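**Student:** Following is a predicted model, sequence given first.
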There are 2 protein chains.
Amino acid sequence: MRNLTELEQRAVDAPINLSDGHPRMSLTDRQQAIVDRLPELFADARRENFKDLEQRAQACFLSAIGQDCAPVAEGRVQSVYSSSVGTMVVGRVLRSRGPRVAVIHPTFDNIPDLLTDRVDLTAISERELMDGDLAAAERRGATAVWVTTPNNPTGWVLDRARFSHIAEEAARRRILLCLDTSFRGFDTRAQHDSYEILEAVGGDYIVIEDTGKLWPTGELKAGFIVTSRSLDDEMKRALSDVLLTVSPVILRLIEELAADAAAGGFKILHDLIARNREQIMATVRRLDIDSADDQDARVSVSMVRFHSPAQAHGVYSELQRAGIHVLPCQQFYWAQPQEGSASLRIALARDFEFFDAGLRRLEQATLEKSRAKVPGLA
Amino acid sequence: MRNLTELEQRAVDAPINLSDGHPRMSLTDRQQAIVDRLPELFADARRENFKDLEQRAQACFLSAIGQDCAPVAEGRVQSVYSSSVGTMVVGRVLRSRGPRVAVIHPTFDNIPDLLTDRVDLTAISERELMDGDLAAAERRGATAVWVTTPNNPTGWVLDRARFSHIAEEAARRRILLCLDTSFRGFDTRAQHDSYEILEAVGGDYIVIEDTGKLWPTGELKAGFIVTSRSLDDEMKRALSDVLLTVSPVILRLIEELAADAAAGGFKILHDLIARNREQIMATVRRLDIDSADDQDARVSVSMVRFHSPAQAHGVYSELQRAGIHVLPCQQFYWAQPQEGSASLRIALARDFEFFDAGLRRLEQATLEKSRAKVPGLA
C-alpha cells in the first residue's frame, strides 16, 4: 500500500489537486506585499544577529496562535526545516525514554512511520485522549504518548479543559507528552496557551509547532520543537546533528506573515476554510452521503464518509480518472486501516473556483457510483 | 564532548566566526541581482509545473558541477531540505542493506552520529579509499562504504581514476557505495562525471549532492539524493515519510545561481577560497607552525596542524577569548579523536577583511602560546 505522501506526490501537478494538506490558495494582497519584500527580508537576515532574529520570529508566530508563554527567551524553542524533520528528531529522543509510544489513531501516516524507526508503537484513540484516559496505554507499556491536536484528518481537537486534564494525567503518571500542533493555526479552540498549562503541570513534554500548513509560500516554512526543561539538553543535542540553523530569511518571512495573520490574516484564512468546508457539507447533504467529518472541524482538510468502502473506492477511482486527486483514508488509520476504508480526505486550502470544480466532479462521480452500486440511493 | 555543530552554534553570532563551513561571504553583484528577483522567482514557482521546475533546477545545478549524466530525467534524483536530512534518510535505507557501514575517517561528525542510529560503523581511512582497498572493511563486516569526497576537513579528494577504481571495487564486492559530494563545487578535480562511471560500473550507489556550501543565500538551499536504479524505489519510499516536495522557490533560486556559477560565478568563488587559503599558508610559514592541510586542498575549510595538542588547545582558547571561533579537530576523527587533537579547522568562505582580522588574531595567539609553551620556538 502506498503511503499518503506517495499518493500526494502523484497529485502535485494534477489538474485538480485536492490531495495534500499544503496551502495552495492564492496569496492575499497583504501576503503578496510581504513576498514582494523578499529581497529586503533577505538583506535583514544578513545584517541581524541570528539568535535575536530567530527568537523574534518564534515569539511573533507563537503569539499569533495564542502561545504567549512558550519558552522562547529561555532558548527552549528549536527551529527545524519542517514538522516532519522535527518528528524525526523527536524520534531520536523518544528512543532514550522508553521502548514504546502510544500514538493517536488515526493520524497522518508519516508520524507512525517515522517513529516506528525508533520505538514500538501502540494506538490510542481520540476518545481515550478526550477522556484523559492514559491508563490503558500505560498498561500496554507506553512511556510516552503522541497527540496530534487538532488532528489530521478528523479535525478532532483538545480544548483547554481537556488539554489540561491530559497534561496533568501524563505528568502524574510520568508519561512524556508529545504534541503535534501543526494545525493549531486553523482552530481557535486549540489556541489556549498550552505552555502556560504544561509548565504549571511540570511534566516532560515535547511540542512540534509548524508554520507549514498556513500560508501559500511555496514551502518556505519552518517547524519549531518546544521542550520541557527536563528534555532541553537532549533535544538540542539530537537536533545539532541535523542542522546548524534554519534559514534566517525564512524566519524573517515567518515573522512578517505571523504579524499579518494576527492583524486579520487568520480571519481571511479561517473564512476560506469554513467556506470550502460548507461547500462539502452542502454536497454531502445533497447526495445523501453518509456524513462529512465532525461538522465543527476547523482544520484545512475534511473527511467524507461514504456508505461503504466500495462506494468510497469507486468515487476515488472515478475522480482520479478525471484528474482530480483526493486521499483515501485507510492509511490514516495506521493500526486498523479498514476503519478508514469508507472515507476520503479532501484538502480545503484551495481557491474557491478551483475547489468548486473539484467538488462538482466529486458530486458527479458519487452520483454515478451511487446509482451503480448502492441500491436504495436514487 | 560537544559535537562540531554545537560548537558552531556558539559561534553563529560571534564577532568573528571562522567556525562553520557555511558560506558567509558577501553576495557577488550577479548573485545580488538574482536575490533582487526573488519575488519574480516566487511567482515562477507558483505558475510552473513542479516536476518540470524541479528537474530543470537539478539538471542545471548538477551540470554546473560536471554531472551531466546524473539520472535527472529518469526521476532518480530526489530533492531534500539539506544534505544532513539526506544523510538521515539514507540511514533509513542503509539499515535494510546490512548491519555495518565503513565510514571515512576523518569526516564531519554528524555523518557518523546520524548513521550510528541505524547501523554499526567501522572506520575506513582516506589512504585505504585512495588505494581502492575495500578488502579490510569487508573483512570487518561492512556491506556499505561511506565516502565524503572532497572530504571535510582535510580537502582529500578522489580524482577520476581513483573514483573509477573504487566504484569498480565496490561493485565487484557488491558493497553499496555511498558518496557525500557536498564540497564538490569547490574542487574541479571532483567534477568528473561520477554518474557516467557509476552507471557504467553497475553497482549499487547513493550520492548526496548539496547546494548548501556554495552560495551565501542565508540557508536557502537543497540537497539531492541520487540513487542507482536498484535502490530507487526504496529511497523514494524512505524519503516520502519526510517530505512531499522541497520549496519550488528555492529550486528556482538554485537554478539561477547554478547558471551564474557555470558562467563565471564558480571562478569568483574558487578565487576567494584560494586567496584565503594562501593567507593561511603564509601565516603557517611565518609562524613555523607544523603545517597547513594538503597544500592542494580546494574545499572551503582549512586544517592547520600545530606542534602539539597543547599548543592547538592554547591557541583555540586564546582565540575564543578574543571572540574568534574556529573548530578543534578531535571530533572529525570520530573513531580516534586524539588524531585530530593538534589541529584546528578554519572556515574560508568569508570576506577578505573579515577573514584577515581573524587570521591576525590567530597569529598573535599562536605567537603567545608558542613562546609560553613550546621550547625551541622563538
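**Tutor:** Sure, I can see it.
**Student:** show me the residues around whichever residue of the stretch 251-378 of chain A sits closest to chain B that make contact.
**Tutor:** Closest approach of the stretch 251-378 of chain A to chain B (Cβ to the nearest Cβ) occurs at residue A:252, with a separation of 8.9 Å. Where you see a C-beta, it was placed from the backbone N, CA and C, and this is true even at glycine. Going by Cβ atoms under 8 Å, 6 or more residues apart in numbering or on different chains, residue A:252 touches A:41, A:42, A:44, A:45, A:53, A:57.
**Student:** farthest pair in those residues?
**Tutor:** Largest separation among the contacts of residue A:252 by Cβ to Cβ: A:42 and A:57, giving 14.3 Å.
**Student:** pretty sure residue A:272 is in a helix, no?
**Tutor:** Yes - with DSSP: H, G, I helix; E, B strand; the rest coil as the criterion, residue A:272 is located in a helix.
**Student:** Assess the claim that it and residue A:349 are in contact.
**Tutor:** Yes - counting by Cβ atoms under 8 Å, residue A:349 is a contact partner of residue A:272 at 7.3 Å.
**Student:** What sits closest to residue A:79 if chain neighbours are left out?
**Tutor:** Nearest-residue entry for residue A:79: residue A:246, 4.4 Å, with adjacent residues in sequence omitted and distances by Cβ to Cβ, 6 or more residues apart in numbering or on different chains.
**Student:** what secondary structure does that neighbour sit in?
**Tutor:** Applying three-state DSSP: residue A:246 is coil.
**Student:** That one contacts residue A:80, correct?
**Tutor:** Yes - between residue A:246 and residue A:80 a contact is recorded at 6.6 Å, counting by Cβ under 8 Å.
**Student:** where do the helices sit along the stretch 51-200 of chain A?
**Tutor:** A:83-95, A:110-115, A:126-130, A:135-139, A:160-172, A:194-201 (DSSP state H, counting those that start in this stretch).
**Student:** Show me what the second one is packed against.
**Tutor:** Spelled out, that is helix A:110-115. helix A:83-95, strand A:100-105, strand A:144-148 (3 or more Cβ pairs under 8 Å, 6 or more residues apart in numbering or on different chains; DSSP states H and E).
**Student:** Would you mind listing the outside residues contacting that helix?
**Tutor:** So helix A:110-115 is contacted by A:3-5, A:84, A:87-88, A:90-91, A:94, A:101, A:103, A:121, A:146, A:148, A:180, A:334-335, B:240-242 (Cβ under 8 Å, 6+ apart).
**Student:** before we move on, what about the third one?
**Tutor:** Residues external to helix A:126-130 that are found in contact with it (Cβ under 8 Å, 6+ apart): A:104-105, A:134, A:136-137, A:145, A:147, A:151, A:154, A:156, A:158, A:162, A:166.
**Student:** Find the least confident helix or strand in chain A, judged by mean pLDDT.
**Tutor:** Here the helix or strand of chain A ranked lowest by mean pLDDT, DSSP states H and E is strand A:291-292, holding a mean of 73.
**Student:** State the next helix or strand along the chain beyond it.
**Tutor:** strand A:301-305 (DSSP states H and E).
**Student:** Enumerate the residues of the stretch 51-200 of chain A near chain B.
**Tutor:** A:51, A:81, A:82, A:84, A:85, A:88, A:92, A:110, A:113, A:114, A:117, A:118 (Cβ under 8 Å from any Cβ of the partner chain).
**Student:** quick one: contacts for the residue lying closest to the third one once chain neighbours are set aside?
**Tutor:** Nearest non-adjacent residue to residue A:82, counting by Cβ to Cβ, 6+ apart: residue A:223, 5.1 Å away. For residue A:223, the contacting residues are A:79-86, A:182, A:208-212, taking Cβ under 8 Å, 6+ apart as the criterion.
**Student:** Residue A:53: what's it in contact with?
**Tutor:** Contact analysis of residue A:53 by Cβ under 8 Å, 6+ apart lists A:44, A:45, A:248, A:251, A:252, A:255.
**Student:** mind running it again at 10 Å?
**Tutor:** Shown in contact with residue A:53 (Cβ atoms under 10 Å, 6 or more residues apart in numbering or on different chains): A:44, A:45, A:47, A:245, A:248, A:249, A:251, A:252, A:255, B:13.
**Student:** Which phi and psi values does the last one adopt?
**Tutor:** To tie it back to what came earlier, the one meant is residue B:13. Main-chain dihedrals, residue B:13, degrees, to the nearest 10: phi -110, psi 20.
**Student:** Do I have it right that it meets residue A:50?
**Tutor:** Yes - using Cβ atoms under 10 Å, residue B:13 makes contact with residue A:50 at a distance of 5.6 Å.
**Student:** Just put the contacts of helix A:126-130 in a markdown table and tack on pLDDT.
**Tutor:** What follows is these, written out as a markdown table (pLDDT from 0 to 100):
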| residue | pLDDT |
| --- | --- |
| A:104 | 98 |
| A:105 | 98 |
| A:134 | 96 |
| A:136 | 94 |
| A:137 | 96 |
| A:145 | 98 |
| A:147 | 98 |
| A:151 | 97 |
| A:154 | 96 |
| A:156 | 97 |
| A:158 | 97 |
| A:162 | 97 |
| A:166 | 97 |
